[in-house]
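> pasting the sequence and the predicted model now:
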Amino acid sequence: MSGSDADTTRDFATVRRIVRTRITQKVLADPSSPIHFDEEIRSACDPLVREAVLEAGWAPFHYNRAVDDLVEPWRATLLWQSQCREIASRLEGWIGDEAPVGKLPAMFAACGAAALVTWLPQFRDARAAGPEHEKRRAVDDEHLAATAALVQNALLLLTAAGFGTYWSSGGAALRHPDVLARLGIGPAEELLALLFVEYPGTPDDLDRKPGKNREGRSSGWLREVTLA
Ligand SMILES: Cc1cc2nc3c(=O)[nH]c(=O)nc-3n(C[C@H](O)[C@H](O)[C@H](O)COP(=O)(O)O)c2cc1C
């Protein structure tokens, strides 16, 4: 351990506060009159969002994915206000009746920015059975787990920077290969998280919804083992 006791106590308290402060809040606006953040807010916030997502890339990962000379098993695609508003108005037309868009247009109409976090399955098409298959599946599981670590890092960093956040799976509409292709994401990538980022200055009177599982939290999942 490095640093003084006072440093570690303070650091622990800070990290714990950020972990506890992160909260799911879905912010919804009418897609036909989306929220507009002026240039001053965007030029202050957009670089912070970019930095938070980049720093989140210090997440641990087990295996060198080795695609495009990159070791990481994840990719992140940032969507700024103008792209978010375009998606809000065009998503339904893109997807037709292939998948429900749900509240996605309303959230793309309210957010300051969004990020799509994808991962690169390595053995998705592998047909080998038996132990070799198990080993490969475990590698893919760990690519996915590492990408989830990046997402949580990003949520914590964004929370620490004062942004509101919401981790959406993206639903069938955003996971649809045609929609992902429009956003520059090819078939080798799978969407893990659509992160909505709420900017300061978002009107208070917008519709807001919490995450549905928050109230059920407990500490009952923690075990300690005493070996005989
Ligand atoms: C992998 C993952 C996917 C999620 N996808 C959705 C989603 O599609 N829709 C949703 O309402 N919440 C989604 N959530 C957010 C959870 O509902 C939320 O984290 C949970 O209710 C606990 O609330 P809290 O984040 O405020 O503690 C997702 C969370 C995770 C980790």
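Looks like it came in fine. Residues are numbered from 1 along each chain as shown.

> going forward, measure contacts between C-alpha atoms and count neighbours the same way
OK.

> ok, residue 41 - contacts?
residue 200 (Cα atoms under 8 Å, 6 or more residues apart in numbering).

> stretch 141-151 and the ligand, are they touching?
No - contact of stretch 141-151 with the ligand (Cα under 6 Å from any ligand atom) is absent, the minimum separation being 7.5 Å.

> please disregard the earlier target; I meant stretch 177-192.
No - shown here: stretch 177-192 not in contact with the ligand (Cα under 6 Å from any ligand atom), separated by at least 6.7 Å.

> for stretch 214-228, same thing?
Yes - Stretch 214-228 lies within reach of the ligand by Cα under 6 Å from any ligand atom, at residue 214.

> packing partners for the top helix by length along the chain?
Scanning the chain for the helix with the most residues, using DSSP state H, yields helix 131-160. Packing partners of helix 131-160 (3 or more Cα pairs under 8 Å, 6 or more residues apart in numbering; DSSP states H and E): helix 5-21, helix 39-56, strand 113-119, strand 164-168, strand 190-198.

> could you rerun that using 7 Å?
The contact analysis (3 or more Cα pairs under 7 Å, 6 or more residues apart in numbering; DSSP states H and E) places helix 131-160 against helix 5-21, helix 39-56.

> most tightly surrounded among those?
Among the helices and strands packed on helix 131-160, the stretch with the highest mean neighbour count (mean count of other Cα atoms under 10 Å) is helix 39-56, at a mean of 16.

> okay, the helices and strands packed on helix 131-160 in a markdown table with distance to the ligand and mean pLDDT next?
Below are the helices and strands packed on helix 131-160 laid out as a markdown table (distance: least, Cα to the nearest ligand atom, whole Å; pLDDT from 0 to 100):
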| stretch | distance to the ligand | mean pLDDT |
| --- | --- | --- |
| helix 5-21 | 8 | 97 |
| helix 39-56 | 16 | 98 |
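
> among those helices, which is nearest residue 83?
helix 39-56 (12.9 Å; Cα to Cα).

> how much space separates the closest residue to residue 136 other than its chain neighbours from the ligand?
Closest residue in space to residue 136, ignoring its immediate chain neighbours: residue 123 at 6.2 Å, by Cα to Cα, 6 or more residues apart in numbering. Relative to the ligand, residue 123 is positioned 21 Å away (Cα to the nearest ligand atom, to the nearest Å).

> sec struct for residue 123, please.
coil (DSSP: H, G, I helix; E, B strand; the rest coil).

> wait, doesn't it sit right on residue 134?
No - if you go by Cα atoms under 7 Å, residue 123 and residue 134 don't touch, sitting 10.5 Å apart.

> which one of the two has more residues nearby?
The neighbour count for residue 123 versus residue 134, taken as other Cα atoms under 10 Å, is higher for residue 123 (15 against 11).

> gap between stretch 63-78 and the chain center?
Computed by Cα atoms, centre = their mean, to the nearest Å, the separation of stretch 63-78 from the middle of its chain amounts to 16 Å.

> end to end, how far does that stretch reach?
Distance across stretch 63-78, first residue to last, is 24 Å (Cα to Cα, to the nearest Å).

> what's it in contact with?
114-120, 143, 147 (Cα atoms under 7 Å, 6 or more residues apart in numbering).
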